[in-house]
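Asks: this one's sequence-less:
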């Protein structure tokens, strides 16, 4: 079946941020200065937190390529012999840099090289001797396989991503590392969601809902506002698709509540306005779907009003594809209103 179009958020990739920071330290003072971002002018970015798991907010592709070359050049056999743990950590950093480049270029080979780097790191980081480094590397491996699996619509990669994240939870427990545990649960939710869309099966959607629900228990609006918003929004997205698969209005009502909670947190915590707009678009899309499923004229009229109002009020905050989506949804909602009105 064809699922409704909805929009996901991707929290900051802390491992990528650390890889970039380590790379700057390696480049030397002159190159580090050229790598520094220019923050003098604020430019609205309506794609921020929507591009994928390897979204890199501050630096250009040129910097990432320079960092890649520096990291690759440092990975000598001598380095491995003298400091295997440092060599493995550098493999992790290089893998994240390659993942960011792979995402920007949609390049399968770069993703595969990133996966290879993480596997190299696991040759040195063992669960028995370096459990936390092992878990962090498994997390990186899961993230790269998830990203490539989504891009290539590859169930085997998504299944492998689930396996990697499941291993992480053996070490990153809720009691000892609550934020890392919640982040892993979030990524499991995202992977099960993508897996479910490919396999057209409710079981993976249901696992995704549970994983996101678990993630919510480890997050706080005051300290992890973006992560919490993303989890509510993304849980709404999978509930939305599960509702369509089951033809279940109660699931759609749950999805609407999740989107609404994400929207509320966005506004209260003053996150970028385009994220709040996306939550609102998702919520209105689910309302329109619920109106069609229940043949509710009042709800159909409400959804049509939403899709007319959103572009008028927030045109500058809408991505082009999201604007197109709103226009298409408006036409669809108006047709539904006309059809239901004629029957009444």
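Replies: Perfect, I can see it now. Bear in mind the structure is a predicted one, so any value in this text is a computation, not a measurement.
Asks: now the stretch 201-344 of the chain, which segments are flagged as low pLDDT?
Replies: 344 (pLDDT under 70).
Asks: how about the helices of it, start to end?
Replies: Counting by DSSP state H, counting those that start in this stretch, the stretch 201-344 of the chain has helices at residues 202-216, 225-246, 249-268, 273-294, 297-314, 320-343.
Asks: Mind putting these into a markdown table with distance to residue 196 and mean neighbour count?
Replies: Glycine gets a C-beta too; all of them are placed from N, C-alpha and C. Compiled in a markdown table, these are given as follows (distance: least, C-beta to C-beta, whole Å; neighbours: other C-beta atoms under 10 Å):
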| stretch | distance to residue 196 | mean neighbour count |
| --- | --- | --- |
| helix 202-216 | 3 | 20 |
| helix 225-246 | 7 | 24 |
| helix 249-268 | 13 | 21 |
| helix 273-294 | 17 | 23 |
| helix 297-314 | 25 | 18 |
| helix 320-343 | 21 | 16 |
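Asks: Now whichever strand or helix holds residue 104: buried residues?
Replies: Secondary structure from DSSP states H and E places residue 104 in helix 84-105. Residues 87-104 are the ones in helix 84-105 that count as buried (16 or more other C-beta atoms under 10 Å).
Asks: Residue 7: which of the helices of the stretch 201-344 of the chain is closest?
Replies: Closest of the helices of the stretch 201-344 of the chain to residue 7 is helix 273-294, at 4.7 Å (criterion: C-beta to C-beta).
Asks: helices or strands next to that closest one in the packing?
Replies: helix 225-246, helix 249-268, helix 297-314, helix 320-343 (3 or more C-beta pairs under 8 Å, 6 or more residues apart in numbering; DSSP states H and E).
Asks: Kindly report the domain assignment for the protein.
Replies: The record's domain split for the chain, according to automatic domain parsing, is 1-205, 219-344.
Asks: can you redo the ones you listed as CSV with distance to residue 212?
Replies: Shown next, in CSV, are these (distance: least, C-beta to C-beta, whole Å):
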stretch, distance to residue 212
domain 1-205, 4
domain 219-344, 4
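Asks: OK, contacts around residue 279?
Replies: Shown in contact with residue 279 (C-beta atoms under 8 Å, 6 or more residues apart in numbering): 229, 233, 259, 260, 262, 263, 266.
Asks: With respect to residue 153, which of the residues you listed is nearest?
Replies: residue 233 (22.4 Å).
Asks: I figured that closest one was touching residue 259, is that so?
Replies: Yes. If you go by C-beta atoms under 8 Å, residue 233 and residue 259 touch, sitting 6.3 Å apart.
Asks: sec struct for residue 46, please.
Replies: coil (DSSP: H, G, I helix; E, B strand; the rest coil).
Asks: mind checking how far it is from residue 273?
Replies: Distance, residue 46 to residue 273, by C-beta to C-beta, to the nearest Å: 9 Å.
Asks: what is in contact with the two at once?
Replies: residue 317.
Asks: how about CSV for the helices and strands packed on helix 273-294, with distance to residue 219 added?
Replies: What follows is the helices and strands packed on helix 273-294, written out as CSV (distance: least, C-beta to C-beta, whole Å):
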stretch, distance to residue 219
helix 225-246, 4
helix 249-268, 10
helix 297-314, 26
helix 320-343, 25
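Asks: So for the protein, the centremost residue is which one?
Replies: Of all residues in the chain, the one closest to the mean position by C-alpha atoms, centre = their mean is residue 10, 2.9 Å from it.
Asks: The nearest residue to residue 330 once chain neighbours are set aside: what's it in contact with?
Replies: By the measure of C-beta to C-beta, 6 or more residues apart in numbering, the closest residue to residue 330 outside its immediate chain neighbours is residue 307, 3.9 Å from it. With contact taken as C-beta under 8 Å, 6+ apart, residue 307 is in contact with 284, 288, 326, 327, 329, 330, 333.
Asks: Apply 6 Å and report the result again.
Replies: 284, 326, 329, 330, 333 (C-beta atoms under 6 Å, 6 or more residues apart in numbering).
Asks: From residue 244, how far off is residue 204?
Replies: For residue 204 relative to residue 244 (C-beta to C-beta), the value is 14 Å.
Asks: re the thing from before, could the helices of the stretch 201-344 of the chain be laid out in CSV, adding distance to residue 61?
Replies: Shown next, in CSV, are those (distance: least, C-beta to C-beta, whole Å):
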stretch, distance to residue 61
helix 202-216, 31
helix 225-246, 24
helix 249-268, 29
helix 273-294, 23
helix 297-314, 29
helix 320-343, 21
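Asks: Quick one: mean pLDDT for whichever strand or helix holds residue 19?
Replies: Using DSSP H and E, residue 19 maps to helix 14-27. On average, the pLDDT along helix 14-27 is 87.
Asks: Show me what counts as buried in that helix.
Replies: Quick answer for helix 14-27 (16+ other C-beta under 10 Å): 15, 16, 19, 20, 22, 23, 24, 26, 27.
Asks: what angle sits between that helix and helix 84-105?
Replies: Helix 14-27 runs at 110 degrees relative to helix 84-105, counting by axes from the mean of the first three to the mean of the last three C-alpha atoms, to 10 degrees.
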